[in-house]
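> Provided below for reference: sequence and predicted model.
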Amino acid sequence: MDKKIVPGRVGVIGLGLMGGSFAKAFAKAGVEVYGYDVAEDVMEQAEVETIVGRLTDDVIPTCELIIIASYPKACIEELARIAPLVSAGAIVMDTGGVKKVICDQCFPIAANYPFTFVGCHPMAGTQHSGFAHARANMFHNAPLVIVPPKIDDFARLDLLECMKKLMKPVGFARFTLTTAEEHDKIIAFTSQLAHVVSNAYVKSPEAKVHDGFSAGSYRDLTRVACLNADMWTELFLDNADNLSAEIGCLIENLRKYKIAIDDRNPHYLHELLAEGDRRKREIEGEIDHDRYTKRHHHRGANYLKDLSVPCGSPHLVPGRKHHP
């Protein structure tokens with residue numbers, strides 16, 4: 001390969017919401033960006049306002065950074081296609097919402113070539129999709145989750161510093177190193193479950209008549225009900241075990257609220273609500289767990305103990321008769 005890397009040059013494959021936002025961020029910062037998308041109308045729009053040219057096979061070897069912003073299956077296929085073209089020392093990253101299925105196949109592909117593949121997940125986005133909704137400031141102050149290949153600690157630190165340097169024009173505020181397995185387990189709760197809940201919530205018959213009866217709570221809970229069904233179907237099924245476990249945990253917790261309400265049990269319902277309030281405050285660092293528990297011990301220690309039963313465990317409801 002006779003072409004050399006042009007320092008700072010970026011190539012973006014897939015100019016949807018994520019890829020388009022990366023391209024716009026780099027372009028706004030004065031970085032030379034080349035792009036590719038299967039949709040010709042998107043390419044024409046991007047050439048007018050964002051990219052300096054098309055990411056052809058001739059341009060790929062000159063890129064210091066290549067971003068593959070596609071669905072997991074397409075990402076793997078794209079990496080396999082461009083791998084022989086990527087120059088030594090370059091970095092190729094993805095933006096997928098799941099990591100294990102991507103990294104398990106992309107790391108071995110990259111291992112046969114002198115470039116580095118890095119699994120990445122920008123923790124930002126909107127309920128919209130497509131280049132038209134991409135924004136140059138999409139990732140400002142957002143975290144970037146990074147799954148590095150299996151390398152030693154010194155090489156991992158060098159890679160992190162390299163990623164920070166390359167991503168500086170984009171505006172990420174935090175970089176988190178993790179494994180693909182840990183990422184997928186956590187993201188099943190923090191992102192995927194939220195989309196399932198929102199999407200299921202609007203299926204209530206009352207959603208059709210919400211106008212005039214809804215405010216912030218409805219708006220917040222339904223924001224991500226509008227989604228790209230093709231993309232989220234692939235992401236959910238690629239992380240099926242973790243997501244199913246989170247859905248099961250939620251169902252178990254909802255069952256407790258339903259029991260308390262069906263039984264007209266004010267004490268149990270109050271403790272369920274208070275426990276949820278406490279956990280949220282504790283997560284956000286507003287309260288100390290031990291101090292809170294001691295302060296509220298007189299209000300019903302048995303209830304708090306009962307509420308600590310993990311999902312899937314036998315659950316006895318205070319004040320309710322149980323039968324074997």
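Ah, there it is. Numbers count the residues shown, from 1 in each chain.
> Contact partners for Val101?
Contacts for Val101 (C-beta atoms under 8 Å, 6 or more residues apart in numbering) come out as 72, 238-239. In this view, the C-beta of every residue, glycine as well, is placed from N, C-alpha and C.
> Can you say which helix or strand has it in it?
Per DSSP states H and E, Val101 falls inside helix 100-111.
> Gly276 now?
Gly276 belongs to helix 266-283 when assigned by DSSP H and E.
> re the thing from before, I'd like the contacts of Val101 written out as a markdown table, with neighbour count added.
Below are these laid out as a markdown table (neighbours: other C-beta atoms under 10 Å):
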| residue | neighbour count |
| --- | --- |
| Pro72 | 23 |
| Asp238 | 20 |
| Asn239 | 24 |
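> And the nearest residue to Gly30 once chain neighbours are set aside, how close does it get to Phe22?
Closest residue in space to Gly30, ignoring its immediate chain neighbours: Pro169 at 7.9 Å, by C-beta to C-beta, 6 or more residues apart in numbering. Look at Pro169 and Phe22: by C-beta to C-beta, to the nearest Å, they are 10 Å apart.
> Which residue of those two possesses the greater neighbour count?
Between Pro169 and Phe22, Phe22 has the larger neighbour count (other C-beta atoms under 10 Å), namely 29 against 19.
> other SSEs contacting the helix or strand hosting the more buried one?
Using DSSP H and E, the element containing Phe22 is helix 17-28. Counting contacts by 3 or more C-beta pairs under 8 Å, 6 or more residues apart in numbering; DSSP states H and E, helix 17-28 packs against strand 6-13, strand 33-36, helix 40-49.
> So which residues make contact with that helix?
With contacts defined as C-beta under 8 Å, 6+ apart, helix 17-28 is touched by 10, 12-13, 15, 33, 35, 37, 42, 46, 50-51, 67, 69-70, 95, 122, 124-126, 128-131, 133-139, 169-171.
> are any of those buried, and which?
Among these, the ones that count as buried by 16 or more other C-beta atoms under 10 Å are 10, 12-13, 15, 33, 35, 37, 42, 46, 50-51, 67, 69-70, 95, 122, 124-125, 129, 131, 134, 136, 138-139, 169-171.
> low pLDDT regions in this structure?
By pLDDT under 70, the low-scoring segments of the chain are 1-2, 287-324.
> just checking, what's the longest helix in it?
Assignment by DSSP state H gives helix 240-262 as the longest helix of the chain.
> so how far is that helix off the chain centroid?
Offset of helix 240-262 from its chain centre (C-alpha atoms, centre = their mean, to the nearest Å): 22 Å.
> go on, stretch 104-119?
For stretch 104-119, the distance to the chain centre is 21 Å (C-alpha atoms, centre = their mean).
> ok, now stretch 271-279?
That offset, for stretch 271-279, works out to 27 Å (C-alpha atoms, centre = their mean).
> for it, which positions count as buried?
When neighbours are counted by 16+ other C-beta under 10 Å, the buried residues of stretch 271-279 are found to be 271-272, 274-275, 278.
> partner residues bridging Val145?
With DSSP bridges as the criterion, Val145 is bridged to His121, Thr176.
> So it sits against Thr176, correct?
Yes - in terms of C-beta atoms under 8 Å, Val145 counts as a neighbour of Thr176; the distance is 5.0 Å.
> between these two, who's got more neighbours?
Taking neighbours as other C-beta under 10 Å, Val145 and Thr176 compare with Val145 leading, 19 against 14.
> Make sure Ser87 is indeed in a strand.
No - going by DSSP: H, G, I helix; E, B strand; the rest coil, the assignment for Ser87 is coil, not a strand.
> Contacts only, for the residue nearest to Gly30.
Taking C-beta under 8 Å, 6+ apart, we find Pro169 in contact with 25-26, 28-31.
> what's stretch 175-194 in contact with?
Contact with stretch 175-194 is made by 97-100, 102-104, 119, 121, 143-148, 156, 160, 163-164, 167, 224, 232, 235-236, 239, 242-243, 245-247, 250, as judged by C-beta under 8 Å, 6+ apart.
> contacting residues around the residue sitting nearest the centre point of the chain?
When C-alpha atoms, centre = their mean is applied to the chain, the residue found nearest the centroid is Gly97 (4.8 Å). Taking C-beta under 8 Å, 6+ apart as the contact definition, Gly97 lies against 121, 187, 191-192, 235.
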